[in-house]
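K.L.:
For reference, the sequence and a predicted model appear below.
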Amino acid sequence: MHESPDERTVGIHLTQMRYFSRCWLVLRVALLAAGLLIIPLNASAQDPKDPPAPQDQPDSADAQKPDLSDQIIHDVLEPFREGLESHTLRQALSVLDPIDMPDYAQARDQLTAFFRLYDPIRFRYKVLQASSDKDRAFVIGEIDVAATPVDRNQTPVQRNTQMRFQLKQEPNGWRVVGFAPADFFGQP
C-alpha cells in the first residue's frame with residue numbers, strides 16, 4: 001500500500017522549493033544587471049515543456065535596425081566631435097560629403113580657420129529630433145562649442161545653437177550634405 005507523506009515533510013519540501021525559486025530569481029536579476037544574462041523580449045514564465053504560444057513576430061529587419069539617432073551619433077556626430085576636440089581636420093571633414101554638399105569648400109575653409117584660431121576645442125551635442133525618408137535624413141541637434149584662442153590675448157569663444165543637419169545614407173553610414181547655420185564655425 002502506498003503511504004502518503006506526512007504534512008511536515010510536504011511543508012518542508014514546499015519551503016525549500018520557494019527558497020530555491022527566490023534564489024534563482026535573485027541570481028537572474030544579478031546576472032541581468034551585470035550584463036551576463038540576456039533575456040529575450042518574448043521570454044515568459046511558461047513551462048519549457050509546453051509548446052510556445054503563437055505570437056505576432058515583427059519584421060526581423062525592423063527588429064535589428066538600430067535607432068536613427070544612434071546611427072547618426074555613431075556615423076556623424078561622434079567622429080565630428082572627436083575630430084574637433086583632437087584638432088584633426090581630416091577626421092572632422094570625413095563626416096561631410098564633398099560631392100553632394102554644395103558648400104563643402106566653404107565648410108572646409110571655415111573649419112581650417114577655426115582650427116588655426118582655437119585650441120583646445122570642446123564640442124557637445126544633443127540630438128533633439130531625427131527623421132528619415134529612404135536614404136535621406138534630417139536631424140536637429142543642440143550644439144555647444146567652447147574654444148580657447150591660440151592667441152591668449154583673445155577672449156574664449158562659447159557658442160550654442162540649434163543646428164539642422166541634412167544627411168545622406170551611404171554604404172558605410174550617414175554623411176552630412178548640409179547644415180544650418182552654415183557659418184557656425186566661421187563666426188568671429
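P.N.:
On my side now, so go ahead.
K.L.:
could you give the mean pLDDT of stretch 156-174?
P.N.:
For stretch 156-174, the mean per-residue pLDDT is 94.
K.L.:
List the buried residues in that stretch.
P.N.:
Neighbour-count burial for stretch 156-174, counted by 16 or more other Cβ atoms under 10 Å, picks out Val157, Met163, Phe165, Gln166, Leu167, Lys168, Trp174. Where C-beta positions appear, they are placed from N, C-alpha and C, glycine not excepted.
K.L.:
got it, and stretch 133-151?
P.N.:
The neighbour-count check on stretch 133-151 (16+ other Cβ under 10 Å) flags Ala137, Val139, Gly141, Ile143, Val145, Ala147, Thr148 as buried.
K.L.:
Could you look up the SS state of Ser69?
P.N.:
Under DSSP: H, G, I helix; E, B strand; the rest coil, the three-state class of Ser69 is helix.
K.L.:
how much space between it and Phe165?
P.N.:
Going from Ser69 to Phe165 by Cβ to Cβ, to the nearest Å gives 12 Å.
K.L.:
between those two, what contacts are shared?
P.N.:
Counting by Cβ atoms under 8 Å, 6 or more residues apart in numbering, the contacts common to Ser69 and Phe165 are Val139.
K.L.:
Not counting its own residues, what contacts the strand or helix carrying Leu111?
P.N.:
Under the criterion of DSSP states H and E, Leu111 resides in helix 104-117. Contact partners of helix 104-117, identified using Cβ under 8 Å, 6+ apart, comprise 87, 89, 92-93, 96-98, 101, 121, 147, 149-151, 154, 179, 182-183, 185-186.
K.L.:
With stretch 125-145 instead?
P.N.:
For stretch 125-145, contacts defined as Cβ under 8 Å, 6+ apart pick out 68-69, 72-73, 76-77, 81, 84, 121-124, 157-169, 174, 184.
K.L.:
Noted, bye for now.
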